[in-house]
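Chemist: Provided below are the primary sequence and the corresponding predicted coordinates.
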Amino acid sequence: MRALMYAAVLVIAGAPAAPTAAAQFPPDTLTNLKVFPQDITPRQLIDVMRTFSFGLGVRCQFCHVGEEGQPLSTFDFASDEKVTKRKARDMIEMVRAINERHLSGLEERTDPAIEVGCETCHHGVAKPQRIQDVLAAEYPAGGADAVAAKYRALRAEYYGTAAYDFGEGTLPDLAGTLVGRPDVPAAIAVLQLNLEYFPASSLTHFVLGEAHRAAGDTTAAVQSYEKALELDADNRGARMRLQQLGRE
C-alpha cells in the first residue's frame, strides 16, 4: 500500500478547477491556495502532499474530487467540495500554530528543535485514535465479540507499523474500562484474548484477578493473582491483593 501511495500523491490545491481527460498533471500553475504560500511550486506542493499521504495512510481521493484508479489529470484538486479537504486546512493551521507559537516559546529546547507533524498524532491512520478508543467504540453494539473481531482485524492489517499499540498493556487497559462500566464478563473475555498473544503476561493475570474480584469470585481471583506472581515475583499489586485476601 505504501508503494502505491508513493505513486498516487495527494494534492490539496493544484489542478485546474474543471479537469478534463486532456488536463495536465502536475499542472504548470496552482489555483485556490489558501494555507500554502502563493509562490510554492507544483513539485514542492506534491512533496508536501506525499508527507500527508504517509502520515494519514490515505490517497488522493480522501480529500479531493476524483475516482480511485483514474489518472490524476482527471481529479479536481482545486475543488473545496469534500469536507475532508476543508478539515485538512484547519489541521495544517493547527500544526503550524503548535510549532510556531507554542513549541517555539518553550524553555531549553533541544537542538535541533523537535516539531510536530501530521504523523505525530496520526501514525499512518486517518483518525488519530488510540486502539483502546477504537475498540471501545465497537463495544456498545457488539459487546466483547465485536471488540475481539475488531482487534484481530486491526492486528492483521497494522501489526508491525506505528499505527496502533499492540503491546501487552493495551487490552488490560481496555478491560479496566469495561470493569468500570460495569461489564465484568466482557472484561474477562478481553483479557483472555490478550493471553492468546501474551501468555506469560503477569499484568494480564493481575487485571484478570481484579475482574474476578469485582465479580465476587474470590477463588478465581486468587488463582489469577497467584499466576501473576508466578510469572513476575515483583508484581506488587498481585502480592498486595493476596495479602488482603489472607493468602501468603
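Modeler: On my side now, so go ahead.
Chemist: alpha carbons only for contacts and neighbour counts from here, please
Modeler: Noted.
Chemist: Straight-line length of stretch 92-102, end to end?
Modeler: Chord length of stretch 92-102, first to last residue, is 15 Å (CA to CA, to the nearest Å).
Chemist: What lies in contact with it?
Modeler: With contacts defined as CA atoms under 8 Å, 6 or more residues apart in numbering, stretch 92-102 is touched by 35, 115-118.
Chemist: In terms of distance to residue 42, which of the residues you listed ranks first?
Modeler: Using CA to CA, the shortest approach to residue 42 within the contacts of stretch 92-102 belongs to residue 35, at 14.4 Å.
Chemist: who touches that closest one in this structure?
Modeler: Contacts of residue 35 (CA under 8 Å, 6+ apart): 89, 92-93.
Chemist: Which SSE is immediately downstream of the element among helices and strands of the chain having the smallest mean pLDDT?
Modeler: When the helices and strands of the chain are scored by mean pLDDT, DSSP states H and E, helix 2-7 comes last with a mean of 38. Counting by DSSP states H and E, the next helix or strand C-terminal to helix 2-7 is helix 42-56.
Chemist: In this structure residue 170 contacts residue 133, no?
Modeler: No - with contacts defined as CA atoms under 8 Å, residue 170 does not count as touching residue 133, sitting 10.4 Å away.
Chemist: And those two? Which one has more around it.
Modeler: Taking neighbours as other CA atoms under 10 Å, residue 170 and residue 133 compare with residue 170 leading, 17 against 10.
Chemist: now the more buried one, nearest residue through space, not along the chain?
Modeler: Spatial nearest neighbour of residue 170, chain neighbours left out: residue 132 (6.6 Å); criterion: CA to CA, 6 or more residues apart in numbering.
Chemist: Show the contacting residues for that neighbour.
Modeler: Per CA under 8 Å, 6+ apart, neighbours of residue 132: 170-171, 173-174.
Chemist: if you set the cut-off to 10 Å instead, what comes out?
Modeler: 147, 151, 164-166, 170-175, 177 (CA atoms under 10 Å, 6 or more residues apart in numbering).
Chemist: likewise residue 154?
Modeler: Listed by CA under 10 Å, 6+ apart, the contact set of residue 154 reads 131, 134-135, 148, 163-164, 166.
Chemist: could you redo these as CSV and give each row pLDDT?
Modeler: Below are the contacts of residue 154 laid out as CSV (pLDDT from 0 to 100):
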residue, pLDDT
131, 96
134, 96
135, 96
148, 97
163, 95
164, 96
166, 97
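Chemist: Most neighbours of all those, which one?
Modeler: residue 163 (25 neighbours).
Chemist: Can you tell me how far the nearest residue to it once chain neighbours are set aside is from residue 168?
Modeler: In this structure, residue 163 finds its nearest non-sequential neighbour in residue 123, 4.7 Å apart by CA to CA, 6+ apart. Remark: distance between residue 123 and residue 168 (CA to CA) = 19 Å.
Chemist: Low-confidence bits of this protein, can you list those?
Modeler: Scanning the chain for pLDDT under 70 picks out the ranges 1-22, 248.
Chemist: Regarding it, what is its longest helix?
Modeler: helix 131-158 (DSSP state H).
Chemist: re earlier: what touches both of residue 170 and residue 133?
Modeler: Overlap of the contact sets of residue 170 and residue 133 (by CA under 10 Å, 6+ apart) is empty.
Chemist: What distance do you get for the residue nearest to residue 170 to residue 190?
Modeler: Residue 132 is 11 Å from residue 190, by CA to CA.
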